[in-house]
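Colleague: Next comes the sequence, and after it the predicted model I'd like to discuss.
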Amino acid sequence: MATLFRLSGRQLLNQIIKHEKIGMLALVRPVTLKAQPAPPQKLMGHDERNMKLGRPQSPHLTIYAAQMTSMLSISHRATGMVLAGYTILWGAGAIILPDTIPNYLESLECAEVGSGLLAAGKFMLAFPFCYHFWNGIRHLTWDMGQFLSLKEVYATGYVMLILAIGSAVALTAM
């Protein structure tokens, strides 16, 4: 079969070449290309390009109502960062400062700072620890497969907040 097609193709080609009216030039269209430099592309940002194409802006966090579960998750991460910052500052202070930290705490007590200001400072130090501690225990119970329904998640969230504030106030009173 392949031989048949090959022979018929040769015969057709020979006939086209022999005819001067049709010729080989009739099969090939002359084309002239003119070289041009590419137009410079305007550098557009993501938003500009989407506006030009008529694409809508994707909604961000501004359209969502704040939920207790999301706020507790965000604040858990924030308290973790605050605790890391406390650790870095206390460690750097222990290395850099000439006296020991208990000496500075004693001088703070001798400075007769107001009791309200001192209590606020203690609460600021205690609350991130207490919040992160109790919320971490809440997460550990979730890892064990407990309290995972939406109603239980909210209930454990309220219990955790009460425990965190209560234990932070108790540590402040010490």
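Modeller: Nice, thanks for sending it over.

Colleague: okay, now A120: neighbour count?
Modeller: When counting by other Cβ atoms under 10 Å, one arrives at 12 neighbours for A120. Placement of C-beta: from N, CA and C, glycine included.

Colleague: same deal with M81?
Modeller: 11.

Colleague: do T79 as well
Modeller: T79, neighbours per other Cβ under 10 Å, totals 20.

Colleague: Tell me who's in contact with it.
Modeller: Contacts for T79 (Cβ atoms under 8 Å, 6 or more residues apart in numbering) come out as F127, P128, F129, Y131, H132, N135.

Colleague: Need the per-residue pLDDT for it.
Modeller: In this model, T79 is scored at 96, pLDDT.

Colleague: Work out for me the element it sits within.
Modeller: helix 68-96 (DSSP states H and E).

Colleague: buried set for that helix?
Modeller: L72, S75, H76, T79, V82, L83 (16 or more other Cβ atoms under 10 Å).

Colleague: so what does whatever helix or strand comes next after that helix touch, helix or strand wise?
Modeller: Downstream of helix 68-96, the next assigned helix or strand under DSSP H and E is helix 101-110. With contacts taken as 3 or more Cβ pairs under 8 Å, 6 or more residues apart in numbering; DSSP states H and E, helix 101-110 sits against helix 68-96.

Colleague: next one: the helix it packs on to chain centre, how far?
Modeller: How far helix 68-96 lies from its chain's middle: 19 Å, per Cα atoms, centre = their mean, to the nearest Å.
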